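Trainee: here's my sequence, what's the structure:
(2 chains)
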Amino acid sequence: DVKVTQSSRYLVKRTGEKVFLECVQDMDHENMFWYRQDPGLGLRLIYFSYDVKMKEKGDIPEGYSVSREKKERFSLILESASTNQTSMYLCASSRDGQGNTIYFGEGSWLTVV
Amino acid sequence: AQKITQTQPGMFVQEKEAVTLDCTYDTSDPSYGLFWYKQPSSGEMIFLIYQGSYDQQNATEGRYSLNFQKARKSANLVISASQLGDSAMYFCAMRGSGGSYIPTFGRGTSLIVHP
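Mentor: Model (predicted):
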């Protein structure tokens, strides 16, 4: 059974804290993605990675960074959390190609106070 | 650039009836894939159905079917015999080939099934 695991389901952090969201996939997928989901805005792409140590900015990268040191792990980092980063974060992975399904983790609900 | 439009923020349907969720897309890519996902209140994204741009027949998966009209650039999801457990957010997505393989999602449609 395919699996994308996000390390934290619910987090509450203070403004200015550094936040790490971890994502691990067990399917040997090349592509990994971080999305942010807000009501009425759908899923917006923050960063993606198509290979180890490779990363590309998505539509809303400001305030975020990522790390992919191993193929199975893709981490999202909020260097200094702000209240407007309160949101649901979804990690996803897939193989290359337009016909390949995108698999999601369960999501991480982050609240910044 | 790819774009997905879901014009229905919310839909209501009676249990056991059929419902159609609209999705239109825009792309200059001749080869692409279209996906539908279901997101219950728990937050997980569940893959429902896939349609390739060169597929001759509409995709079906159990109670789900995809009404693919290529000329109109639409990929509507049809749920037959709605169940209470179908109440959820539904997202349409696409990904192209080559440089446009990044999945693009619509804003979603909230479906509520009434008993």
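
Trainee: close to chain B: what parts of chain A are there?
Mentor: When proximity is defined by Cβ under 8 Å from any Cβ of the partner chain, chain A lies next to chain B at A:31, A:33, A:35, A:40-43, A:45, A:48, A:58, A:88, A:90, A:92, A:94, A:96-104, A:106-107, A:109. C-betas here are computed from N, CA, C, even on glycine.

Trainee: are any of those buried, and which?
Mentor: For these, a burial check counting by 16 or more other Cβ atoms under 10 Å in any protein chain shown picks out A:31, A:33, A:35, A:42-43, A:45, A:48, A:58, A:88, A:90, A:92, A:94, A:98-104, A:107, A:109.

Trainee: return the subset of those lying in strands.
Mentor: Secondary structure from DSSP state E places A:31, A:33, A:35, A:42-43, A:45, A:48, A:88, A:90, A:92, A:94, A:103-104, A:109 of those in strands.

Trainee: any low-confidence regions in chain A?
Mentor: A:1 (pLDDT under 70).

Trainee: and with 50 instead?
Mentor: Along chain A, no part satisfies pLDDT under 50.

Trainee: and the residue nearest the centre of it?
Mentor: residue A:34 (2.8 Å; Cα atoms, centre = their mean).

Trainee: thought that one was touching residue A:74?
Mentor: Yes - counting by Cβ atoms under 8 Å, residue A:34 does reach residue A:74; the two are 7.0 Å apart.
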